[in-house]
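# For reference, the sequence and a predicted model appear below.
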Amino acid sequence: MEGGAAAAAQALSRIGLAGLAVMGQNLALNVADKGFAISVYNRTTSKIDETVERARREGQLPLFGQYNPRDFVLSIQKPRSVIILVKAGAPVDQTIAALSEHMEPGDTIIDGGNEWYENTERRISEASAKGLLYLGMGVSGGEDGARNGPSLMPGGSHQAYLNVRDILEKVAAQVEDGPCVTYIGEGGSGNFVKMVHNGIEYGDMQLISEAYDVLKNVGGLSNSELADIFAEWNTGELESFLIEITADIFNVRDEEETGNKGELVDKILDKTGMKGTGKWTVQQAAELSIAAPTIAASLDSRYMSGLKEERQNAAQIFKKEGLEEDFSSPISGVDKKRLIDDVRQALYASKICSYAQGMNLLRAKSVEKGWGLNLGELARIWKGGCIIRAVFLDRIKKAYQRNPGLANLLVDPEFAREMVARQGGWRRVVGLAIQNGISVPGMSASLQYFDTYRRSRLPANLVQAQRDYFGAHTYERVDKEGAFHTEWSKLARKARI
Ligand code: NBP
């Protein structure tokens, strides 16, 4: 169907969606699949035809293509709600400009992209000046999640959320304690929570890649053994989407006719791509003075992976100096069975530290902005649909339910017990990797985070002394109140005499 005539011919749609690339197309089909009539629009019209055709093929779903912004907006029931799923940044502003011209006070714009939260806050004020409501909604789960049930993180106008709550609750992934959606909070909170989710995702992926590196290059495990180990891990405390797909990846064979058969994973260039949400997470952690070393290590590892040529040159230079990169795995003396168990424990304990960092970042931002984020509820809506979905998120949810003021996930009694039980294996893995020249930045950053956080006394006294020595920054004492300054050089000279 085409244009205004079509809009007049059909009953008005309950909701609209503009932007029909991977995410938009699949989310629109999901909405229609749940029985909500939806109008769809895209700047390039071939994607509208494609989506309408898919809706027909997938069971005559109630999805209606509209070919210009005006017909699209007018084909939606009032108060109108329009989801936008275009590339973040300027395309969102351009799409809002094109659509809002035809919208009326009380209508809602929902941006589902990975948007920088301050852009959402700016758009909330711009929309409000026109009487429009606005939500910035994190959507996680990739293509499959969008089609079959994503995790949704809507923040902004509460009234706008109430207008579409029934749709979002049906469309989201379903877990035993409800749909994976909740009203996150005001302003850009939905985008901020999605950004931190992505930062945690960076951490998970890095830690898994380090587990792979150690098992392969210290333990000498083959791809098929790795597939079995990850599949087995996916039946226990590590059960999660990322562990599950990792097991699958090791089993996939290369289908290219290069004459050199084997698993595809070995043919993939070791350079990781990224789109920016991990960088924003680390920047925000620094802004808020929150230590997030595991997430930062994951970001740094992506940057260093990008230096492929430099790394190849460096390998040559160090080889000439006698430092061989060649791992003759399995490294002699390594007990493979024990290594596998230790790596499992190292991965789990490292993950807990990474989530603790992400949660602390969320809490710090919530305090700064007055968002009132409910950390337990955030862990709950990540249990299904999204990339970091994992069984242990239920335990994180319970930890914050037990104690919403929990200073750090590590000191929840259950997690504390688990960390202590796993530290032996964790230290062995990090030690073994370091001894053998295998970088484990995520696992060691997590271990350093744990070892720093759990110590009641750190060498920071010496740093304070140095600061006071060269900059008269003063220091506090352990035995009395106040700020103190010492003439260090004078006293040191006296001590030398
Ligand atoms: P892309 O991020 O690749 O964006 C493509 C869409 O943006 C197309 O519909 C394109 O229209 C539209 N667009 C562009 Br580009 N410039 C435009 C403009 N100036 N005016 C109007 N439309 C414009 O799509 P995606 O991968 O589906 O992601 C959508 C959002 O969801 C992004 O923010 C992304 O970060 C986020 N996200 C993606 C995933 C994922 O797995 N892909 C997961 C979670 C979140 P055209 O067809 O006319 O070029």
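It's in. Values in this document were obtained by computation on a predicted structure and should not be read as measured data.
# Now stretch 143-163 - C-alpha only, PDB.
C-alpha atoms of stretch 143-163 as PDB (Å, rounded to 0.1, in the frame of the first residue of the first chain):
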ATOM      1  CA  GLU A 143      19.200  -8.500  15.400                       C
ATOM      2  CA  ASP A 144      17.800 -11.600  17.000                       C
ATOM      3  CA  GLY A 145      16.900  -9.800  20.200                       C
ATOM      4  CA  ALA A 146      15.100  -7.100  18.300                       C
ATOM      5  CA  ARG A 147      13.000  -9.700  16.400                       C
ATOM      6  CA  ASN A 148      12.400 -12.100  19.300                       C
ATOM      7  CA  GLY A 149      12.700 -10.200  22.500                       C
ATOM      8  CA  PRO A 150      15.300  -7.500  23.400                       C
ATOM      9  CA  SER A 151      16.200  -6.000  26.800                       C
ATOM     10  CA  LEU A 152      14.700  -2.500  26.700                       C
ATOM     11  CA  MET A 153      16.000   0.400  28.800                       C
ATOM     12  CA  PRO A 154      13.600   3.400  28.400                       C
ATOM     13  CA  GLY A 155      14.400   6.700  30.200                       C
ATOM     14  CA  GLY A 156      12.900  10.100  29.900                       C
ATOM     15  CA  SER A 157       9.200  11.100  30.200                       C
ATOM     16  CA  HIS A 158       7.300   8.700  32.500                       C
ATOM     17  CA  GLN A 159       4.000   9.600  30.800                       C
ATOM     18  CA  ALA A 160       5.600   8.600  27.500                       C
ATOM     19  CA  TYR A 161       6.600   5.200  29.000                       C
ATOM     20  CA  LEU A 162       3.100   4.700  30.300                       C
ATOM     21  CA  ASN A 163       1.700   5.400  26.800                       C
END
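# May I see the buried residues of the helix or strand containing G145?
Per DSSP states H and E: G145 is located in helix 142-148. By 16 or more other C-beta atoms under 10 Å, the buried positions in helix 142-148 come out as 142, 145-147. The C-beta positions use only the backbone N, C-alpha and C, and glycine is treated the same way.
# Ok, stretch 397-414 next?
397, 399-400, 406, 408-410, 412.
# Now tabulate those residues in TSV and tack on pLDDT and distance to the ligand.
Shown next, in TSV, are the buried residues of stretch 397-414 (pLDDT from 0 to 100; distance: C-beta to the nearest ligand atom, whole Å):
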residue	pLDDT	distance to the ligand
K397	97	22
A399	97	27
Y400	97	25
L406	97	29
N408	98	29
L409	98	25
L410	98	29
D412	98	30
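# List, out of the buried residues of helix 142-148, those positioned next to the ligand.
G142 (C-beta under 6 Å from any ligand atom).
# what's the burial count for the closest residue to R477 other than its chain neighbours?
By the measure of C-beta to C-beta, 6 or more residues apart in numbering, the closest residue to R477 outside its immediate chain neighbours is F484, 6.0 Å from it. By the criterion of other C-beta atoms under 10 Å, F484 has 11 neighbours.
# And E244, by the same measure?
17.
# In terms of helices and strands, where is it?
Residue-wise, E244 maps onto helix 241-251 under DSSP H and E.
# list the contacts for the residue nearest to R477?
468, 474-477 (C-beta atoms under 8 Å, 6 or more residues apart in numbering).
# how does it look with 7 Å?
Taking C-beta atoms under 7 Å, 6 or more residues apart in numbering, we find F484 in contact with 474-475, 477.
# can you redo the buried residues of stretch 397-414 as CSV with secondary structure?
Shown next, in CSV, are the buried residues of stretch 397-414 (DSSP: H, G, I helix; E, B strand; the rest coil):
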residue, secondary structure
K397, helix
A399, helix
Y400, helix
L406, coil
N408, coil
L409, helix
L410, helix
D412, coil
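# Identify the residues contacting whichever residue of the stretch 51-200 of the chain sits closest to the ligand.
Residue of the stretch 51-200 of the chain nearest the ligand, by C-beta to the nearest ligand atom: G113 (2.6 Å). Neighbouring residues of G113 by C-beta under 7 Å, 6+ apart: 85-86, 88, 92.
# Selection in ChimeraX covering whichever of the contacts of F484 are buried, please.
Remark: buried members of the contacts of F484, expressed as a ChimeraX selection using 16+ other C-beta under 10 Å:
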select :475
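# Give the buried residues for the lengthiest helix in the chain.
If you go by DSSP state H, the chain has its longest helix at helix 336-369. Neighbour-count burial for helix 336-369, with 16+ other C-beta under 10 Å as criterion, is recorded at 339-340, 342-366, 369.
# swap in stretch 176-187?
179-187.
# Now for those: which two are most distant?
The two members of the buried residues of stretch 176-187 with the most space between them (C-beta to C-beta) are P179 and G187, at 22.9 Å.
# Going along the chain, name the strands of the stretch 151-300 of the chain.
Along the stretch 151-300 of the chain, counting by DSSP state E, counting those that start in this stretch, strands occupy 151-156, 174-175, 178-179.
# most packed of these?
strand 151-156 (a mean of 30; mean count of other C-beta atoms under 10 Å).
# elements contacting that strand?
Here strand 151-156 touches strand 133-140, helix 158-171, helix 189-217, going by 3 or more C-beta pairs under 7 Å, 6 or more residues apart in numbering; DSSP states H and E.
# contacting residues around the second one?
Going back to what we said before, that points to helix 158-171. For helix 158-171, contacts defined as C-beta under 7 Å, 6+ apart pick out 14-15, 30-31, 34, 36, 79, 81, 108, 133-135, 152, 154, 179, 181, 183.
# Quick one: work out the angle between it and strand 133-140.
Interaxial angle, helix 158-171 versus strand 133-140 (axes from the mean of the first three to the mean of the last three C-alpha atoms, to 10 degrees): 30 degrees.
# now the angle between helix 189-217 and helix 158-171, please.
Going by the same axes, to 10 degrees, helix 158-171 makes 40 degrees with helix 189-217.
# And helix 158-171, how far out from the chain middle?
Relative to its chain's centre, helix 158-171 lies at 23 Å (C-alpha atoms, centre = their mean, to the nearest Å).
# what's near enough to touch the residue nearest the centre of the chain?
By C-alpha atoms, centre = their mean, the chain has its centre lying nearest to N198, at 1.6 Å. Applying C-beta under 7 Å, 6+ apart, we find N198 in contact with 277-278, 281.
# Need the per-residue pLDDT for it.
Looking at N198, its pLDDT is 96.
# separation between it and F241?
For N198, the distance to F241 (C-beta to C-beta, to the nearest Å) stands at 14 Å.
# Can you name the residues of the chain that neighbour the ligand?
19-24, 42-44, 47, 85-88, 91, 94-95, 113-114, 139-140, 142-143.
# Now whatever residue of the stretch 301-450 of the chain ends up closest to the ligand: phi and psi?
Closest to the ligand within the stretch 301-450 of the chain is I387: 8.3 Å, counting by C-beta to the nearest ligand atom. Dihedral angles of I387 (phi, psi; degrees, to the nearest 10) stand at phi -70, psi -30.
# what about it, how many residues close to it?
For I387, the count of nearby residues is 22 (other C-beta under 10 Å).
# Equivalent analysis for the one 5 residues further on, please.
For F392, the tally of surrounding residues (other C-beta under 10 Å) stands at 19.
# Just the pLDDT for it.
92.
# check contacts around it.
E237.
# any idea how far it lies from S289?
To S289, F392 is 27 Å away according to C-beta to C-beta.
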